[in-house]
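1. no FASTA, just this:
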Ligand code: CTP
Ligand code: CA
């Protein structure tokens, strides 16, 4: 069925998508984060909703507007993102983890602004602890869900993607080169699909076009 280019081929499916960076507070005015714009994840949410899926988008802070026809859950930290994803994951048919989750967070967030001359020691060495891995934690619980992960790499892209596929129990990894200016905040991207079968290189395309290709791949994995 095709109406004005809209195919409802995801109707009846629940899709969970994570997007954007997470933000890990140091004190009330400072944080640790990364350059993720959220564009890939939001494009996925828009495309999945347009194709008829029931979409939950769990997103860290971005400058993008929540897409229409999507259940939007805004979060800040990795710990919050994991908590927000738990129930939607249990109900999901497809889960796509496009977020750039901060790997570490400050062990404690100061409740006051750290001040030069007063808190110099605290500012010079901020103790960090590891964040939970949202994808790996949820994929370990999967029953029917198709799990799509990303691999953001600057080197040895395919080798690292294969390692993440296995370590995180994902069904497919979307590998991309995040070297300067190449993926973060760009409107297009170049990816490889890495799964049990091997690696498939795709041509560079817009994030909107990529979203449909990635959803098609997830559908393939369901069959
Ligand atoms: N991911 C996650 N939670 C984390 C870290 C990563 O859910 N705490 C997910 C990302 O959303 C992505 C995949 O895991 O789908 C890979 O993220 P990436 O940063 O490329 O890999 P890491 O496993 O964090 O390893 P590293 O950053 O050292 O390459
Ligand atoms: Ca990481």
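-> Structure's in. What do you need? What you see is a predicted model; the values in this text were computed from it and never measured. Numbers count the residues shown, from 1 in each chain. Ligands and ions are numbered 1, 2, ... in the order given.
2. Would you pull up how far stretch 71-89 lies from the middle of the chain?
-> Distance of stretch 71-89 from the chain centroid (CA atoms, centre = their mean, to the nearest Å) equals 11 Å.
3. Buried residues in that stretch, which are they?
-> 72-73, 75-78, 80-82, 84-85, 88-89 (16 or more other CB atoms under 10 Å). Backbone N, C-alpha and C define where each C-beta goes, glycine included.
4. residues from this protein in reach of ligand 1?
-> Contacts of the chain with ligand 1, taken as CB under 6 Å from any ligand atom, map to 18, 78, 97, 99, 101, 103, 131, 133-135, 149-152, 164.
5. For these, which single residue is the most surrounded?
-> When neighbours are taken as other CB atoms under 10 Å, the top entry among the residues of the chain next to ligand 1 is residue 18 (33 neighbours).
6. you'd agree it is in a helix?
-> No - per DSSP: H, G, I helix; E, B strand; the rest coil, residue 18 lies outside any helix segment and is strand.
7. quick one: pLDDT of the spatially closest residue to it that is not a sequence neighbour?
-> The spatial neighbour of residue 18 that comes closest, neighbours along the chain excluded (CB to CB, 6 or more residues apart in numbering), is residue 99 at 3.7 Å. Note on residue 99: pLDDT of 98.
8. Residue 99 and residue 40 touch, don't they?
-> No - Residue 99 sits out of contact with residue 40 when judged by CB atoms under 8 Å, with a separation of 9.4 Å.
9. can you pull the contacts of the nearest residue to residue 202 once chain neighbours are set aside?
-> In this structure, residue 202 finds its nearest non-sequential neighbour in residue 191, 5.4 Å apart by CB to CB, 6+ apart. Residue 191 sits next to 174-176, 202, 210, 214 when contact means CB atoms under 8 Å, 6 or more residues apart in numbering.
10. Now, of these, which are buried?
-> By 16+ other CB under 10 Å, the contacts of residue 191 give 174-176, 202, 210, 214 as buried.
11. Tell me which of these fall in strands.
-> 174-176 (DSSP state E).
12. Which residues does stretch 143-153 contact?
-> Here stretch 143-153 makes contact (CB under 8 Å, 6+ apart) with 40, 89, 92-98, 100, 135, 138-139, 157, 160-161, 164-165, 168-178, 183, 194, 214, 217-218, 221-222.
13. before we move on, back to that, show only the entries of the buried residues of stretch 71-89 found in strands.
-> Among the buried residues of stretch 71-89, DSSP E puts 72-73 in strands.
14. quick one: low-confidence ranges for this structure?
-> When residues are selected by pLDDT under 70, those of the chain lie in 1-6.
15. Surely residue 75 and residue 59 touch.
-> Yes - contact criterion CB under 8 Å: residue 75 and residue 59 qualify, at 7.0 Å.
16. residue boundaries of the strands in this protein?
-> Applying DSSP E to the chain gives strands spanning 14-19, 24-27, 30-32, 54-59, 71-74, 94-97, 104-106, 128-130, 146-153, 172-177, 188-189, 191-195, 198-201, 205-206.
17. Next, format those strands as TSV and append distance to residue 117.
-> Shown next, in TSV, are these (distance: least, CB to CB, whole Å):
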stretch	distance to residue 117
strand 14-19	39
strand 24-27	15
strand 30-32	16
strand 54-59	38
strand 71-74	36
strand 94-97	42
strand 104-106	20
strand 128-130	24
strand 146-153	38
strand 172-177	42
strand 188-189	45
strand 191-195	48
strand 198-201	53
strand 205-206	49
